[in-house]
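Undergrad: Predicted structure and sequence below. I'll ask about it afterward.
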Amino acid sequence: MATNQLITLLKFEKSKEELAANTLRNAENDYQQNLVRLQSVADYRLEYMKRLSQRSSTGLDSATYNHYHAFISKLDYASAQVEIALKQAKALVEQSKKAWLKQRHKVQAVEVLTAKRQQELAKLDAKKEQKMFDEIATQQFIRRRAS
């Protein structure tokens, strides 16, 4: 494969690697945001449970108790939904990480091929240069003998 083709392929594979890295970063950000959401819902639920406990100690009518209980149930449901989203985000992070690693290996393979090709070209250039110097030396030798 020609050097220019390898360089073009390397640029292409690196751009795909960058896209995979961006996808991974986005997935990790989404996962972190879901962790924060889950903690926020848990904190809010705990705070609401404290309020219920405080209000219960002073006396609570059934309508207010039912209101508190219904809202806590909604918070539990929200927490369950965030946990589902968190699991999905974690799976996406793992999938994105695998895709990025796979693409990274492709880039490394093309880099190795490019380096080998450049070494081969350098050897060929060195041989051509040596052949040229040998030719010059031969021509000088012939001129000296002729004079």
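TA: Sure, I can see it.
Undergrad: Every contact and neighbour count from this point should use C-alpha atoms.
TA: Noted.
Undergrad: any idea how far the most centrally placed residue in the chain is from R104?
TA: Nearest to the mean C-alpha position of the chain, counting by C-alpha atoms, centre = their mean, stands A21 at 3.0 Å. To R104, A21 is 9 Å away according to C-alpha to C-alpha, to the nearest Å.
Undergrad: do the same with A137
TA: 49 Å.
Undergrad: In terms of neighbours, single out the busier of the two.
TA: More crowded of A137 and R104, by other C-alpha atoms under 10 Å: R104, with 19 against 12.
Undergrad: What distance do you get for that one to K116?
TA: Taken as C-alpha to C-alpha, the span from R104 to K116 is 18 Å.
Undergrad: cool, and L101?
TA: 23 Å.
Undergrad: now swap in A146 and tell me
TA: From A146 to K116 the distance is 45 Å (C-alpha to C-alpha).
Undergrad: Give me the more crowded residue out of the two.
TA: Legend: neighbour count by other C-alpha under 10 Å for A146 and K116, higher for K116 (12 against 7).
Undergrad: what's the helix or strand for the more buried one?
TA: K116 belongs to helix 62-146 when assigned by DSSP states H and E.
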